[in-house]
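*Asks:* Mind looking at a prediction? Sequence and model below.
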Amino acid sequence: MASSVPPEPNVPVTDSSTPHVPGRVAMLSVAGFWLFYFTLNTLRAALEGDHDQLDMIGRRTVVTLAAMALTGLFCLLLRRIEHKSTATLLTTAFLAAIPVSAGYGALNYTAFYLVNPSDSIRQEMHHESMKQGHIMAIADYAASWYFFVASWAVLYVALSFAYKVRHAERNAALYRSEAQTAQLRALRYQINPHFLFNTLNSLSTLVMRQRGDEAERMIMNLSNFFRTSLTADPTEDVPLSDEIRMQRLYLDIERVRFPDRLNVVFDVPTGLESAAIPALILQPLVENAIKHAVARSPRPITIAVRARAEHGELHLTVEDDGDLAAAGEPTPGCGLGLRNVNDRLKARFPGAARCVIGPRAGGGFRVELVMPLTGNA
């Protein structure tokens, strides 16, 4: 037998994976850093009027490409430990920059000074050789280029931190969304069990009195009411016309219990039927009026459901003309149903909705819900 329980609606799922700088961004940072070096040194040499510019550009191109490959390996190392803390990433970056800068120093020295050097380079080498050998020259290059390589590493760590922060903010937003969805769902499914108990008792009475047609009609109304209320997504809005239809179903069920004491008035202007409101937001209010006014009164009671638009806001009112004082009942302003409605409004329209509760002029009780006017109204 198939289950009649409605499936849970899809909710956002947080991303628990470790955030990484995208590979494309990482490679662009490497290429951009060394292209900056290439352009800067080429312009400097051109402004200084160095000899053999074309030969130098060729050598510089080889060195730049080799440096990109070397820094790419450095990048792969950092990506492997990117899940670590920022402090660990920085420490590793500064330490790993030492062999990378040494490797670059060796590449640069080899390309310009050891492989068929130009006349100007030969003269420079002859002058420098009087002071230091090849190893010391490479060490000097490595030391001077260490900070350039470390600068790229710091840039990568900063990018990694930025992506981690962005990932955390996105997850936090998803968690907030999931929490709000769970809150709305919990509030939405707080159906008063007394309604079901009272309805079943009324059905039992109708059956015992052999009023089969009324019992059948009540069962159909009850079935339609629960089918609609339990299958609707509690986090989504519904047109006001659907909400009014649900309240008509509910009141038709209650009218069987109170055939001589329940009068109903619906006052919804034609242009507001498509206004979007939280599903079953009026249910606790109408139920409250039945419990505190109709069920406690020996005389006929009128429950009125009204809607109006004003200054971009939708006003929904549920009121009755009962006499709470005569019935010995406290003012129903702090019950579970009203708290439910107020909490749902706050969750659905943070800071943009309100619930006004108080006595009705001329006797009775009145609840007004004010929320943004949305939908096609």
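*Replies:* Yep, that arrived.

*Asks:* all strands of the chain, in order?
*Replies:* Assigned strands in the chain, in chain order: 237-239, 262-267, 276-278, 301-310, 313-320, 354-359, 365-372 (criterion: DSSP state E).

*Asks:* Tell me which of those lies nearest to Y141.
*Replies:* strand 365-372 (66.4 Å; C-beta to C-beta). Any C-beta I mention is one placed from the backbone N, CA and C, and that applies to glycine too.

*Asks:* how big is the angle separating that closest one from strand 313-320?
*Replies:* Here the directions of strand 365-372 and strand 313-320 differ by 170 degrees (axes from the mean of the first three to the mean of the last three C-alpha atoms, to 10 degrees).

*Asks:* T91: neighbouring residues, count only.
*Replies:* 12 (other C-beta atoms under 10 Å).

*Asks:* ugh, wrong one, I meant K84
*Replies:* 15.

*Asks:* now swap in the one 3 residues further on and tell me
*Replies:* The burial count assigned to A87 is 9, neighbours taken as other C-beta under 10 Å.

*Asks:* Show the pLDDT at it.
*Replies:* In this model, A87 is scored at 87, pLDDT.

*Asks:* any idea how far I357 is from the closest residue to A309 other than its chain neighbours?
*Replies:* Nearest residue to A309, sequence neighbours excluded (C-beta to C-beta, 6 or more residues apart in numbering): L373, at 5.5 Å. L373 sits 21 Å away from I357, going by C-beta to C-beta, to the nearest Å.

*Asks:* what bits of the stretch 1-150 of the chain have low per-residue confidence?
*Replies:* Residue ranges of the stretch 1-150 of the chain with pLDDT under 70: 1-18, 49-52, 116-134.

*Asks:* Repeat the analysis, applying 50 as the threshold.
*Replies:* Across the stretch 1-150 of the chain, the stretches falling below the confidence threshold (pLDDT under 50) are 1-14, 129-130.

*Asks:* which residues in it form helices?
*Replies:* For the stretch 1-150 of the chain, the helices defined by DSSP state H, counting those that start in this stretch cover 23-48, 53-80, 86-109, 119-129, 134-188.

*Asks:* Give me the distance between the third one and the centre of its chain.
*Replies:* Yep, that's helix 86-109 we're talking about. 40 Å (C-alpha atoms, centre = their mean, to the nearest Å).

*Asks:* The residue nearest to A309 touches L316, doesn't it?
*Replies:* No: L373 is beyond contact range of L316, at 10.9 Å (criterion: C-beta atoms under 8 Å).

*Asks:* out of these two, which sits in the more crowded spot?
*Replies:* Neighbours were tallied for L373 and for L316 using other C-beta under 10 Å; the higher tally belongs to L316 (24 against 17).

*Asks:* All good on my end, thank you.
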